[in-house]
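# Following is a predicted model, sequence given first.
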Amino acid sequence: MTETQNQTMTETKRMNMIQALNSALDVKMSQDEDVLVFGEDVGYFGGVFRVTEGLQAKHGLKRCFDAPLTEGGIIGSAIGMAAYGLKPVPEIQFADYILPAYDQLVSEAARLRYRSNGEFCSPVTVRTPYGGGIFGGQTHSQSPEALFAHVTGLKTVIPSNPYDAKGMLIASIECEDPVIFLEPKRLYNGPFYGRPDDELKTWANSGLATADVPVGHYEVPLGRASLVREGSEVTVLAYGTMVHVAEAGIADAGVDAELLDLRSIVPLDIDAITASVRKTGRCVILHEATRFGGFGGELSALVQERCFDYLRAPIERVAGYDMPYPHAFEWDYFPGPIRLAEAIKKAVEYR
Amino acid sequence: MTETQNQTMTETKRMNMIQALNSALDVKMSQDEDVLVFGEDVGYFGGVFRVTEGLQAKHGLKRCFDAPLTEGGIIGSAIGMAAYGLKPVPEIQFADYILPAYDQLVSEAARLRYRSNGEFCSPVTVRTPYGGGIFGGQTHSQSPEALFAHVTGLKTVIPSNPYDAKGMLIASIECEDPVIFLEPKRLYNGPFYGRPDDELKTWANSGLATADVPVGHYEVPLGRASLVREGSEVTVLAYGTMVHVAEAGIADAGVDAELLDLRSIVPLDIDAITASVRKTGRCVILHEATRFGGFGGELSALVQERCFDYLRAPIERVAGYDMPYPHAFEWDYFPGPIRLAEAIKKAVEYR
Amino acid sequence: MTKSNLPRLELHIPEPPARPDTEVSFTHVNRGEAGAVRRPDIAEHESNMRDLPYELIRVLDDDDKAVGPWDPKLSPETLIKGLRAMVLTRMFDERLFRAHRQGKTSFYMKSTGEEAIAAAQSLALDKGDMFFPTYRASAWLHARNYPLTTMCNQIFSNAEDPLAGKQLPILYSARDYDFYSISGNLGVRFVHAVGWAMASAYKNDTKISLAYVGDGTTAEGDFHEAMTFAAAYRAPTILCVTNNQYAISSFAGFAAPERLPFAAKALAYGFPGLKVDGNDFLAVWGATQWAAERARTNNGPTLIEFYTYRAEGHSTSDDPSAYRPKDEAKHWPLGDPVERLKDHLIALGAWDEERHAALEAELKEKVKVAVKEAEAIGTLGQSKPPIEEMFEDVFAEKDWRLKEQLRELKHRRAGEGA
Amino acid sequence: MTKSNLPRLELHIPEPPARPDTEVSFTHVNRGEAGAVRRPDIAEHESNMRDLPYELIRVLDDDDKAVGPWDPKLSPETLIKGLRAMVLTRMFDERLFRAHRQGKTSFYMKSTGEEAIAAAQSLALDKGDMFFPTYRASAWLHARNYPLTTMCNQIFSNAEDPLAGKQLPILYSARDYDFYSISGNLGVRFVHAVGWAMASAYKNDTKISLAYVGDGTTAEGDFHEAMTFAAAYRAPTILCVTNNQYAISSFAGFAAPERLPFAAKALAYGFPGLKVDGNDFLAVWGATQWAAERARTNNGPTLIEFYTYRAEGHSTSDDPSAYRPKDEAKHWPLGDPVERLKDHLIALGAWDEERHAALEAELKEKVKVAVKEAEAIGTLGQSKPPIEEMFEDVFAEKDWRLKEQLRELKHRRAGEGA
Ligand SMILES: Cc1ncc(C[n+]2csc(CCOP(=O)(O)OP(=O)(O)O)c2C)c(N)n1
Ligand SMILES: Cc1ncc(C[n+]2csc(CCOP(=O)(O)OP(=O)(O)O)c2C)c(N)n1
Ligand SMILES: [Mg+2]
Ligand SMILES: [Mg+2]
């Protein structure tokens, strides 16, 4: 962790991702009166995933409150608040339900600064849980990051552990641009390696240093990938839940792979990606979202454009099949370690 | 043109794209009582681009009518009509305004068949003009095809000439899946080569065979690219307005390029693409939409995956810059023949 | 007002009448008088009915009698059919909710306290009229004797799941029962119902449509778009708000501030709005019949608010004691719909406690048998439809992507098997 | 009704009262009586004002007198300010519309016939209150003396364009004039205004917001979402529908069937709705003042329908004679807002034809000078802001993509120059 860190961060605590996110909100709300939180069921109840628990009691009714069940209204009013000068952090209950607000996000939040030549802007941070692995079926499992990455003017952040989650949520709130902050709900309570039959791990008993979270203010800057595993044979690119799945797949493959956790896909850490692939000469991309037109395509294109002479094998993509998230077939659909290991071996063995 | 053609197609007429689309609607409405057309201003007035002109007068008030100004309502009600058994062909006035209906398209139209295990389906054909080159500014110029291509369950069609426009609109209406039918508005009245200072061509005086349109029923099947220009040195992939720009860019580059007009991006003619790039060993992708996360990324990834050993140069992408469509800078922004020619030369000269 | 003495603005945040640590309060519920609300002619113009949304239509009075102009005057046989559907719904819900606790399914939602609505409407409407339900409307299926085992198979996502494992439990689709596919996305189907009704009118058919949204869901833009379309084209549809006072933890006051009836939302569109006691089987039936007749005679749509109460948690993922008084349900001023219909039948002399107990025993057994049958096929994860199903119905026909992906999956399976 | 004798359904498609080939018909317009509508206390509860949406608030009577409780009793100086803003708007529109025909700009839209609304509101509201306009509200800027040359620069997309070439002509943004950025996407800003007002209340500020949508745009889900939010949080905002009878070619009956007032849409949300003669400068002012006082005193939002008429084409791309009678504008029963205010001032003895002619001449000249100044800088395509501007304000800071793309573009330019 190379991030610049505040004084207050010396004290750390073991936190799961929910607690880390809650702490980020608490820190920012304590620091800055202009930060407020609202959304469906986030107030008194504390959110269906408990991320906003206790914030209303601590900071008051008007700092953290429930909203009518309209994602368009939630995002639209947040844009208005941001234009006034506040720093709203609305929650969308599931990323699957963000599409009623898609026009507000794409046509308005992302464009307000440009459209007004900088007179108005919309620094809204939209938190929303995304991704599968929880038997949530078609509408509690999707990974819509590609739909946002293509929209210029939006930033898209996807942390993979409590430390990054807190530090990047703080960075997102402090950032002057609208941010889509995708929370890998499968990781809320513990790391998940894509092996549903394994015993569940919590962050507390995971043994991972990323669950040691400073209690105070710190930032993990947007746009910097993190090197999860150094390696020489192949570069694996992943983000969110898939970072852990990638670790498992790499172990399964028994290959000395380098693993980059992209952490934010806009801004994208192109330098880290390029440097790694130039070093290894091979690249595998892993994401949960459906494959066709997914963000893996962009990554593949960028790598190919910038590392063509270094590539010793085709860039592989491992991703969701091109269908709605199929409830009963969750583990057939989920791009788990087995599929990744196959792709890694294919990449490494390619001559 | 290898398409299977009906008897009635023997008689042809010179048509611009508006007339060809109008003829497609007229043919289908005459043939099938279940086909109906509605949208903002499409009824008495005949649409802001006149594509539905005369249809209300000819087929009656209830076959072609105006709608309240709500894209969500238009698409949502069309889905209900389709579930009943009709074949609605709603118009969205500009593709820039399709996003209020994005949730209906993505979460509903695209998913209804899967969600109901085939009990209900939603064969809606959504016509909408897209693309720039008309000084339309941020909200009358966008190319949103990537936002649809990623959505499994939707087909996305983008014709580039009157003949294909009519044949593919008929094929779309007859198809059992929901189709996003993107009409390159810059091509409505004539081909456009990306050179704004050149004299305007109409389809009538273009000398192009694709403006000879059968008056009756015929289909151009979805999912087959058309070979616009055979060549040996590099493959250029384009669709919609950019097909013509590509011709100009190829001429400018003075290179023996092969040009594929993809015509539909879902389904995608992967075989034609693969065969061509394997032959030429080089590939340039051209689209109007912003580059990052655009459909060019998917194309690049697919080509790379399937033609790795054949590629003798990095696949190039020429696309819109990553910003909202900037009104005054239309021709700086527009990925015209000069930029394409540069990329072609770069690809061809790469060693 | 001069600038200097302007008051400071305050942001108002709506709050419910009660929380876990306060007393239950239903003082805002005005039950009115059973039988008191007038029933206009079905051809009446909206402008003469603008008072209706503000009054509560009830038929069953406190003496279990059916009174007033909205009484549909049903035969005891019909009433017993309704009662049966409601009791079955409740028993099924209880049993399958437990199945979730036992890990046999990934998800379940009950409609406890709201059974009268879909049960009455299922029986009141005709075969061929299409219902666009929410997840709290399974009484429709029970009223029409949808096979319980098939329902369990869907809930267990097993090899016989009628939706072939593609959909979350309870998000049924049952075309043969006039039951449209349920979407996890709230609100989106409301306008489908309008489009469906427009199509029926377009074809000069006689069928009408019926759709639900919850109180919370009325806040979505989709609600407004559906209402706007229904009004513009006078669609033959019945649009209903099932106001059960809650959207998960949020009270209805977010979507309808200041105790404004949801029925009043019809005033924005120029068609009638009714507010109906949703726990009164007869009132539901009477209002539905009136709206259906309007729709069938080209008098256009009706909005009906069914005033009811979600007596249990939102879903298997919810614990309502975290946000409302534990005993709130017991105090709901409009009672329990099953009890009320039962008491009415007893008051009519067409029913008694013994027959009721026998009915309960019979239905309990039926549910038990069905669950057992479905369990024999398999529960979540222990049985599932053939893997090929995953790739079906994405499109009418698979394109090369799905074919390649299916091939890849099968190939891997073969390898794993070897 | 038995199944066998069910009538066939018919799909109803709304149709306007007149088409190019029929007589103008405004028989449905009920002008009511000027001064007749009561003006409730600003603290009055919504439930006591449910009659208001159905009546038309007017102040100027047919004898050019200001009558009734909604008369804001303005000084002649203020009225003349308003008149000046309206005349300026009309002259500017006429001149710039011609500039489009001459190829000097890519696009233009007039607000002819609707000038009273934004002119009165611009003057009636306080500095710091934020206006969320549509493209037909430039009278706001003219009333506050926004520099005409700057406006022309925006319209010509030239080197001095205040929006640096990034936005379509007339989609202004003018923060210093309390004028929010206009979006090409209809309806989306309505809820921004509500969020802005919520923020003001959150900060215990004193500022309120004001927003417009057109009659057609009320059909968008955004309208409903804004209204729902405004109601739930009692946002200090004035939400307005500028009902000019048309959405391009579609008559207002698509969004409000059966001549239902748009003001009645407020009834769905539990806050007051007013229907106001939008061609009556004084009525606009009076209603705005009432709504502003409610908002400022924590009494929450108001919906105001301004009943007016789009006297000309939708935009430079439109020819209304294709869908409505050519002379319809002349027959609009509520007259022309400029003429009516002028006649009132004359009736007051504070104005006369000579002064009016002088005003017109002065403003005509002002517009001419401004256009000339802007032309000297350049018109569309002949002058534009520096190319770097294209890459600014996408994000607060350019990321590597924009830097690379700017470099590429500059490199090519350099090559072309060489
Ligand atoms: C578009 C959308 N947003 C959010 C959700 C998450 N969600 C599921 S049920 C629910 C509450 C629904 O409340 P209501 O409409 O009153 O229906 P009820 O459950 O009370 O019947 C929410 C917020 C969703 N499913 N869809
Ligand atoms: C979301 C969206 N849909 C469609 C359009 C295209 N459009 C521009 S103006 C207009 C009509 C607007 O009518 P109305 O709301 O009555 O406003 P008016 O022009 O009459 O002031 C339409 C359909 C748009 N700009 N935005
Ligand atoms: Mg509810
Ligand atoms: Mg209008």
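Good, I have the coordinates. Ligands and ions are numbered 1, 2, ... in the order given.
# Tell me the pLDDT of the residue of the stretch 151-300 of chain A found nearest ligand 1.
Using C-beta to the nearest ligand atom, the closest approach of the stretch 151-300 of chain A to ligand 1 is made by A:Lys185 at 13.3 Å. C-beta: built from backbone N, CA, C; applies to glycine. Model confidence at A:Lys185, given as pLDDT, is 98.
# in what helix or strand does the nearest residue in space to it that is not next to it in sequence lie?
Leaving aside its chain neighbours, A:Lys185 sits nearest to A:Pro129 (3.8 Å; criterion: C-beta to C-beta, 6 or more residues apart in numbering or on different chains). Counting by DSSP states H and E, the element that carries A:Pro129 is strand A:125-130.
# Average pLDDT for that strand, rounded please.
On average, the pLDDT along strand A:125-130 is 98.
# Now whichever residue of the stretch 251-351 of chain A sits closest to ligand 2: phi and psi?
For the stretch 251-351 of chain A and ligand 2, the shortest gap (C-beta to the nearest ligand atom) falls at A:Gly293, measuring 24.2 Å. The main-chain torsion angles of A:Gly293 are listed as degrees, to the nearest 10 and equal phi 70, psi 10.
# Surely it and B:Ala149 touch.
Yes - taking C-beta atoms under 8 Å as the contact criterion, A:Gly293 and B:Ala149 are neighbours in contact, 4.2 Å apart.
# and A:Pro221, how many residues sit next to it?
Each residue near A:Pro221 was counted by other C-beta atoms under 10 Å in any protein chain shown, and the total is 15.
# looking at this, it is in a strand?
No - the assignment for A:Pro221, made by DSSP: H, G, I helix; E, B strand; the rest coil, is coil rather than a strand.
# what's the nearest residue to it if we skip its chain neighbours?
Closest residue in space to A:Pro221, ignoring its immediate chain neighbours: A:Ala171 at 5.8 Å, by C-beta to C-beta, 6+ apart.
# Enumerate the residues of the stretch 101-250 of chain A near chain D.
Taking C-beta under 8 Å from any C-beta of the partner chain, the part of the stretch 101-250 of chain A that reaches chain D is made up of A:103-104, A:107-108, A:111-121, A:152-153, A:155, A:175-177, A:223.
# Overlap in contacts, A:Gly293 and B:Ala149.
B:295, B:298 (C-beta atoms under 8 Å, 6 or more residues apart in numbering or on different chains).
# which ones are touching the residue nearest to A:Lys185?
With the criterion set at C-beta under 8 Å, 6+ apart, A:Pro129 makes contact with A:49, A:93-95, A:182-185, A:188.
# Among those, list the two that are farthest apart in space.
A:Gln93 and A:Pro184 (15.3 Å; C-beta to C-beta).
# Look at these two and report which has more neighbours.
With other C-beta under 10 Å as the criterion, A:Gln93 and A:Pro184 differ in neighbour count, and A:Pro184 comes out ahead with 26 against 21.
# And the least confident helix or strand in chain C by mean pLDDT, what's buried?
Sorting the helices and strands of chain C by mean pLDDT, DSSP states H and E puts helix C:400-417 at the bottom, at a mean of 93. Along helix C:400-417, the positions that meet the burial threshold by neighbour count (16 or more other C-beta atoms under 10 Å in any protein chain shown) are C:401-402, C:405-406, C:409.
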